[in-house]
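# okay, sequence plus prediction incoming.
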Amino acid sequence: MKKVSPYTIEDLLDKLSDDYTPADRDLIRRAHRLAEEAHEGQRRASGEPYINHCLVVASMLADLHLPTDTIAAGLLHDTVEDTAVTAEDLLQDFGEDVAKLVQGVTKLTQLPRVSRGEHREELLNSPAPEADEQDLRTRKRDLANETLRKTFLAMDEDVRVVLIKLTDRLHNMRTLGFFPEAKRRRIAQETLDIFAPLANRLGMWQIKWELEDLAFRYVNPEKYKEIADQLSERRETREVQIKGIIDHFFQVLKDAGIEVEISGRPKHIYSIFRKMTERGKPFELVRDIRAVRLIVPDVPSCYAALGVIHTHWRPLPNEFDDYIAAPKDNFYQSLHTAVIYDDGKPVEVQIRTADMDTNAEFGIAAHWRYKEGGHRDKYDERVNYLRQMMEWRQDVEDAQEFVDSMKTDVFKDRVYVFTPRGDIIDLPSGSTPIDFAYHVHTSIGDRCRGAKVNGKLVPLEYGLKTGEQVEILTAKHGGPSRDWLNPSLGLVRTQRARAKIRNWFKRQDREQNLAQGRGMLEHEIARLGLRELSQQNLEALAHHFDRNVEEFYIALGCGDISIGRVVNLLLETEESDDMLLFVPPTSEPPSPTDAVTVLGLKDALTNMARCCNPTPGDEIIGYITRGRGATIHRQDCPNILRIRDRERLVKVSWGEKVRTFPVPVRLTAYDRQGLMGDVTNLLDSEGVNIRDASARTSKNLAELRLVIDVKDLAQLSRILARMENLPNVLEAVRVKGG
């Protein structure tokens, strides 16, 4: 895809192939005329006329050889969102296809009422006078997630929606430098998390690599510049080397009677960074800085060329991949190898046919580059594959959860495992035996009680690997455990399995779910030492999830809302006094810390108050002492509430360098041999230090009291949840007293 794009309608029309009829060209002219009139006077952050952006997007779509209505929709893609043009206008003037495509990529300007909650729009969408910067950021994030959810659902009906969205994002990334730094970082991170993986899943290499490099430039500018400078320093030498390698390869293959086109393959900065990170190697040791691509007439020629290359140069071990016989899950096909060249340094080699190369570069969009033939089947295969991975799409109403599920179920790499009968099961990377069980059959998932991998028993949180054979051990009756939906335990990784587990609980009695949800919340609040919620804050919490209190409890009980999400929300709360967290006192003296920032005072000395011992996640305040800097207290500390000299109080916040904090924990269990060892191993796996430990038994019950060092309350929540899942453990809670 060319970086220099047309800025006039004539340039756009000139690049269209002869396949576009006069009627097609007239439609594109009309679309441009309306877009130009609608965006009259509008300018982008770069200062250029807004219509330029529309022309660039349409030009990219033309480069992909997409149909006329798609190019017209590219010209009009921002009209409904940013101008007085309506969807009805587009339907009347351009037809249903263009109108639907534009609607599919139009951003939401307010949150839709997709489910319950009478005041959801009023609470979340209307600008309230008391709304602070955090509220505005939250609303923007929710709107962005709802827009992505809407786009992905529209993609299910017509994949061209996403092609327009990707080209729109690509041009926005090319001009991202004109935005403020915070916005640049947010958009760039979203691009790395969502849009580049989406392009990869659609097999569109050209768009994927450019999105990655542009986003990486703003997400990690220091490392980007370091790699770019190193590439620049070696460019002339590398180009000379590549030309010599290409000439040598061509002559060797020609002598072997193989027709071939050879080109140097440019290395992209983000891919180099990822390999440096994954392999733990410096730039100099990332072996495929030099790479060539061989295009041959047919599949037999691919393997013949591979044999010739391996005969003349020594192949590197573990560097050969046959993606022709076993294509990647995005339908990518090629042979990959790496050999030691004459100068003793490695060269990466890709070997493929021209069709494979087109499919690799353009992915799902390659379908429109062919007039006829078997490529329709490949297109349908790709679309159906995406739909299968997103079969849960209509069951998830929460936008954040939908986007998170896309990251895990659709964008992640895949693993391929076998059933005992030898059937291949395709799952997202990181999937567990429970995910496998629900993929095979809902009933097997519901009754799953254990698993064997390659004949050996494994825990249910075991991460499956490609090539393993999985056998699920089931009970005759029963259903899933609610703990399976606890994200901190890592028992279920896919949205497909989560949706089926929730459906099982939804079928249970409403009153049972109501009581279960209330009990889960009360238990979690008690376990973490959070203060009891007032009715007002409980209603606010329920409204956050678009429900009343009763519906909130039922959703929590049946698993529609995970207790982990609720806990994270409570831990993030910064404004409500009723949601303050309790941290018990400790006898340790206060110590200086760099974990806290005093607003307005650079490098101020701070000490943690021993009367309330705040932990990251608590609301805190500073008290200026004589000679010892600021002492950091919880905002609800009794000593702070009694202070009369309020002028000595200063605003403080948790800084970036957060140390660990001691927290007392009590664990109650039926006494058994090895209990303390299991607890110690668990804490060791979390990297948590035990400051103090004591145990006592009464009849058949054991009580362990520990003081552990945690980074924050989110880590504490995860540790307590894992403790309660140890055999014989009845309860693990944070102690409120010393």
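Sure, I can see it. Numbering: from 1, shown residues only.
# how many neighbouring residues does Asp69 have?
The number of residues packed near Asp69 is 21, by other C-beta atoms under 10 Å. Backbone N, C-alpha and C define where each C-beta goes, glycine included.
# just checking, it touches Glu96?
No - between Asp69 and Glu96 there is no contact, the gap being 9.3 Å when judged by C-beta atoms under 8 Å.
# who touches both of these two?
Contact with both Asp69 and Glu96 is made by no residue, according to C-beta atoms under 8 Å, 6 or more residues apart in numbering.
# so Met520 sits in a helix?
Yes - under DSSP: H, G, I helix; E, B strand; the rest coil, Met520 sits within a helix.
# that one reaches Leu556, doesn't it?
Yes - with contacts counted by C-beta under 8 Å, Met520 reaches Leu556, the gap being 5.8 Å.
# where are the low-confidence patches of the stretch 301-450 of the chain?
Across the stretch 301-450 of the chain, the ranges flagged by pLDDT under 70 are 369-412.
# please enumerate the strands of it.
314-315, 321-322, 335-340, 346-353, 414-418, 424-428, 448-453 (DSSP state E, counting those that start in this stretch).
# relative to strand 335-340, how tilted is the host helix or strand of Val252?
Applying DSSP states H and E as the criterion places Val252 in helix 235-255. Orientation check (axes from the mean of the first three to the mean of the last three C-alpha atoms, to 10 degrees): helix 235-255 against strand 335-340 gives 110 degrees.
# still on that earlier bit, which of Met520 and Leu556 has more neighbours?
Taking neighbours as other C-beta under 10 Å, Met520 and Leu556 compare with Leu556 leading, 27 against 20.
# hang on, the earlier thing: deepest of the strands of the stretch 301-450 of the chain, which one?
Highest mean neighbour count among the strands of the stretch 301-450 of the chain (mean count of other C-beta atoms under 10 Å): strand 346-353, with a mean of 22.
# now for that strand, which elements pack on it?
Packing partners of strand 346-353 (3 or more C-beta pairs under 8 Å, 6 or more residues apart in numbering; DSSP states H and E): strand 291-296, helix 299-312, strand 335-340.
# neighbouring strands of that strand in the sheet, and parallel or not?
strand 291-296 (parallel), strand 335-340 (antiparallel) (DSSP bridges).
# who touches both of Met520 and Leu556?
The contact lists of Met520 and Leu556 share Ile563, where a contact means C-beta under 8 Å, 6+ apart.
# if we can go back for a sec, looking at the strands of the stretch 301-450 of the chain, which is nearest to Ala38?
Closest to Ala38 of the strands of the stretch 301-450 of the chain, according to C-beta to C-beta: strand 424-428, at 41.6 Å.
# can you give me the angle that closest one makes with strand 414-418?
Using the same axes, to 10 degrees: strand 424-428 against strand 414-418 is 150 degrees.
# distance from stretch 560-572 to the middle of the chain?
Centroid displacement of stretch 560-572 relative to its chain, using C-alpha atoms, centre = their mean, to the nearest Å, is 18 Å.
# run the chain-centre distance for the host helix or strand of Val707.
Per DSSP H and E, Val707 falls inside strand 701-710. Remark: strand 701-710 is offset 35 Å from the chain centroid, using C-alpha atoms, centre = their mean.
# tell me what it is packed against?
On a contact count with 3+ C-beta pairs under 8 Å, 6+ apart, strand 701-710 meets strand 661-670, helix 675-685, strand 690-698, helix 713-724.
# now tabulate the ones you listed in JSON lines and tack on mean pLDDT.
Formatted as JSON lines, the helices and strands packed on strand 701-710 follow (pLDDT from 0 to 100):
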{"stretch": "strand 661-670", "mean pLDDT": "88"}
{"stretch": "helix 675-685", "mean pLDDT": "89"}
{"stretch": "strand 690-698", "mean pLDDT": "88"}
{"stretch": "helix 713-724", "mean pLDDT": "84"}
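# winner for burial among those?
Note that of these, helix 713-724 is the most buried (mean count of other C-beta under 10 Å), with a mean of 22.
# OK, contacts around Arg314?
Counting by C-beta under 8 Å, 6+ apart, the residues that Arg314 touches are Val339, Ile340.
# can you name the residues bridging to it?
Ile340.
# likewise for Pro428?
Arg414.
# that one against Gln495, yeah?
No - in this structure, Pro428 is not within contact of Gln495 by C-beta under 8 Å, at 9.2 Å.
# residue ranges for the strands of the stretch 501-650 of the chain, please.
596-598, 606-608, 620-624, 630-634, 649-650.
# that older thread, now the strands paired with strand 346-353 in JSON lines, with distance to Asn700?
Formatted as JSON lines, the strands paired with strand 346-353 follow (distance: least, C-beta to C-beta, whole Å):
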{"stretch": "strand 291-296", "distance to Asn700": "66"}
{"stretch": "strand 335-340", "distance to Asn700": "61"}
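# Gly687 in helix, strand or coil?
Gly687 is classified as coil under three-state DSSP.
# chain center to stretch 189-208, what's the gap?
12 Å.
# same question for the strand holding Val707, mean pLDDT?
Mean per-residue pLDDT for strand 701-710: 90.
# please begin residue numbering at 56 from this point
Happy to do that; since the first residue is 56 now, the last one works out to strand 756-765.
# strand 745-753 and that strand, what's the angle between them?
Going by the same axes, to 10 degrees, strand 756-765 makes 170 degrees with strand 745-753.
# strand 756-765: which residues count as buried?
The neighbour-count check on strand 756-765 (16 or more other C-beta atoms under 10 Å) flags Ala757, Leu759, Leu761, Val762, Ile763, Asp764, Val765 as buried.
# can you tell me how far the closest residue to Glu741 other than its chain neighbours is from Met331?
Spatial nearest neighbour of Glu741, excluding adjacent residues (C-beta to C-beta, 6 or more residues apart in numbering): Ile774 at 5.8 Å. According to C-beta to C-beta, to the nearest Å, Ile774 stands 33 Å off from Met331.
# related to what we said a few turns ago, mind checking the helices and strands packed on strand 756-765 for the one nearest to Asp353?
Going by C-beta to C-beta, the one of the helices and strands packed on strand 756-765 nearest Asp353 is helix 730-740, 52.4 Å.
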